[in-house]
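Engineer: model the structure of this input:
(one chain, ligands or ions: 2)
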Amino acid sequence: MKPRSGFVTILGRANSGKSTLLNALVGSKIAIVTDKPQTTRTTIQGVVTLPAPKADRNRPGTRLPRRANQPAMQETAAQIVFLDTPGIQQPGSRLDRRMMKEVRAALAGRDLLLLLVDATQRFGAGDRAAVDRACGAGVSCFLLLNKIDRVAKATLLPLIDRCQKLHDFTEVIPISALKGDNLPLLLDRIVAHLPEGPFYFPPDHVTEQPMRFLAGEIVREKVIMQTRQELPYASSVMVGTFEDNPKLIHIAAEIFVEREGQKGILIGKRGEMLKRVGTLARQEIESILGKKVFLDLHVKVRDKWRDDSRFLQALDWRSMAGE
Ligand SMILES: Nc1nc2c(ncn2[C@@H]2O[C@H](COP(=O)(O)OP(=O)(O)O)[C@@H](O)[C@H]2O)c(=O)[nH]1
Ligand SMILES: [Mg+2]
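Structural biologist: Numbers count the residues shown, from 1 in each chain. Ligands and ions are numbered 1, 2, ... in the order given. Next up is the predicted model:
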């Protein structure tokens, strides 16, 4: 059988679990996850390559370790390029508008859409708006009811019913991105809906995002997790130095905030907060890279960076990757 390949966009409101799903499907952390909305600011790409089933497995180049998410019934080799998007929301700042532009761009020319809904929340106007936005595109759309590890079956069935009335979804699948429930089934259904076509990337390719971008994102994740109120939204991280030396990786990054007061909070009493952010980020980057890391963090004030298009451009991983 011929291989299948295609682009699959993950859409949904903030906090529905899009980035958690991307990481679970890819099998490694490539998108940061927090319990606060607006964590994902640009489209994050992750590639899943499923080797050909048994008969083809001895061909050189197709042998890959069996993954936890290997679909049960897979019949062909397949490569899925997933795109994780910022949450669908009403834009305010230039950053917000840029985020919604990312969502629209990620919608164009895709083979399949996955619309995530948080099944623990009341299904409201925001979800309906997300359905309208996602499903107007004339592309097959799966509705995924996420976080089923936290809902009773009795509430799930009426929710599935209501959603099926809203749009003619190609599939409605309850999942838990966090626990991995139904993800093998989801992969099966995705592969079944992809067109035949050659792989876009080598089989071991995971993402286009450069490591320096992920390092900055991990610092940002720790800032979001450790701070409250406006600071998570007012912070951005720019990695200046990323030097991979034989024994140690040297990373220097600047954390930008919008006001002096925010800088004070982020540094903390005697530098405690910044130290905690740095230690948590360093430990995680070390565990991903399997190497010692020296992480040098500085906090800078940059008024209204969220409305500065040149600054936003510089933060984007695609400019780092030289695109
Ligand atoms: N219980 C539960 N929590 C989840 C699940 N998926 C995501 N979450 C949590 O929901 C929050 C938002 O997740 P995230 O992936 O950042 O959502 P995004 O904004 O749509 O990308 C985080 O606290 C996740 O741990 C799930 O299947 N079950
Ligand atoms: Mg996200």
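Engineer: residues of the protein that sit close to ligand 2?
Structural biologist: Taking Cβ under 5 Å from the ion as the contact definition, the chain meets ligand 2 at 18-19, 40. Quick note: C-beta positions are derived from backbone N, CA and C, even for glycine.
Engineer: which of those ranks first by neighbour count?
Structural biologist: Among these, the one with the most neighbours (other Cβ atoms under 10 Å) is residue 18, at 31 neighbours.
Engineer: how's this structure carved up into domains?
Structural biologist: Domain assignment of the chain by automatic domain parsing yields the ranges 4-193, 211-320.
Engineer: just put the ones you listed in JSON lines and tack on mean pLDDT.
Structural biologist: JSON lines is the format used below for these (pLDDT from 0 to 100):
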{"stretch": "domain 4-193", "mean pLDDT": "84"}
{"stretch": "domain 211-320", "mean pLDDT": "94"}
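Engineer: residues contacting residue 179?
Structural biologist: Neighbouring residues of residue 179 by Cβ atoms under 8 Å, 6 or more residues apart in numbering: residue 149.
Engineer: confirm that it sits in a helix.
Structural biologist: No: under DSSP: H, G, I helix; E, B strand; the rest coil, residue 179 sits outside any helix and is assigned coil.
Engineer: that one and residue 191, how far apart?
Structural biologist: 22 Å (Cβ to Cβ, to the nearest Å).
Engineer: and the closest residue to residue 231 other than its chain neighbours, its phi and psi?
Structural biologist: Spatially, and ignoring its direct neighbours in sequence, residue 231 is nearest to residue 262 (5.6 Å; Cβ to Cβ, 6 or more residues apart in numbering). Dihedral pair for residue 262: phi -70, psi -40, per degrees, to the nearest 10.
Engineer: try residue 278
Structural biologist: Per degrees, to the nearest 10, the backbone of residue 278 is at phi -60, psi -40.
Engineer: check contacts around it.
Structural biologist: The contact partners of residue 278, taken as Cβ under 8 Å, 6+ apart, are 219, 295, 297.
Engineer: in helices, which of these fall?
Structural biologist: Secondary structure from DSSP state H places residue 219 of the contacts of residue 278 in helices.
Engineer: can you turn the buried part of the contacts of residue 278 into a PyMOL selection?
Structural biologist: Remark: buried members of those, expressed as a PyMOL selection using 16 or more other Cβ atoms under 10 Å:
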select buried, resi 219+295+297
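Engineer: go through the contacts of residue 278 and name the one nearest ligand 2.
Structural biologist: Nearest to ligand 2 out of the contacts of residue 278 is residue 219 (Cβ to the ion; 16.4 Å).
Engineer: give me the neighbour count for the residue of the stretch 101-250 of the chain found nearest ligand 2.
Structural biologist: Across the stretch 101-250 of the chain, no residue is closer to ligand 2 than residue 116, which sits at 9.9 Å (Cβ to the ion). Applying other Cβ under 10 Å, we find 27 residues neighbouring residue 116.
Engineer: helix or strand for it, just tell me which one.
Structural biologist: Residue 116 belongs to strand 112-118 when assigned by DSSP states H and E.
Engineer: so what does that strand touch, helix or strand wise?
Structural biologist: Secondary-structure packing of strand 112-118 (3 or more Cβ pairs under 8 Å, 6 or more residues apart in numbering; DSSP states H and E): strand 4-12, helix 18-26, helix 125-135, strand 141-146, helix 183-193.
Engineer: partners of that strand, with directions?
Structural biologist: strand 4-12 (parallel), strand 141-146 (parallel) (DSSP bridges).
Engineer: the helix or strand residue 255 falls within packs against which elements?
Structural biologist: Secondary structure from DSSP H and E places residue 255 in strand 248-257. In terms of contacts (3+ Cβ pairs under 8 Å, 6+ apart), strand 248-257 is packed against helix 211-226, strand 236-244, helix 260-267, helix 272-289, strand 292-301.
Engineer: which strand residues bridge the residue in the stretch 51-200 of the chain that ligand 2 sits nearest to?
Structural biologist: Using Cβ to the ion, residue 84 is the residue of the stretch 51-200 of the chain that sits closest to ligand 2, at 6.0 Å. Note on residue 84: beta-bridge partners by DSSP bridges are residue 10, residue 44.
Engineer: give me the neighbour count for residue 129.
Structural biologist: The number of residues packed near residue 129 is 14, by other Cβ under 10 Å.
Engineer: could you measure from it over to residue 17?
Structural biologist: Between residue 129 and residue 17 the distance is 18 Å, computed by Cβ to Cβ.
Engineer: please apply the same query to residue 2.
Structural biologist: With the distance defined as Cβ to Cβ, residue 2 ends up 33 Å from residue 17.
Engineer: with residue 277 instead?
Structural biologist: Distance check for residue 277 against residue 17: by Cβ to Cβ, it reads 24 Å.
Engineer: more crowded one of these two?
Structural biologist: Neighbours were counted for residue 277 and for residue 17 using other Cβ under 10 Å; residue 277 has more, 27 against 23.
Engineer: can you count the residues close to the closest residue to the more buried one other than its chain neighbours?
Structural biologist: Leaving aside its sequence neighbours, residue 277 sits nearest to residue 222 (Cβ to Cβ, 6+ apart; 4.6 Å). The local packing of residue 222 (other Cβ under 10 Å) involves 24 other residues.
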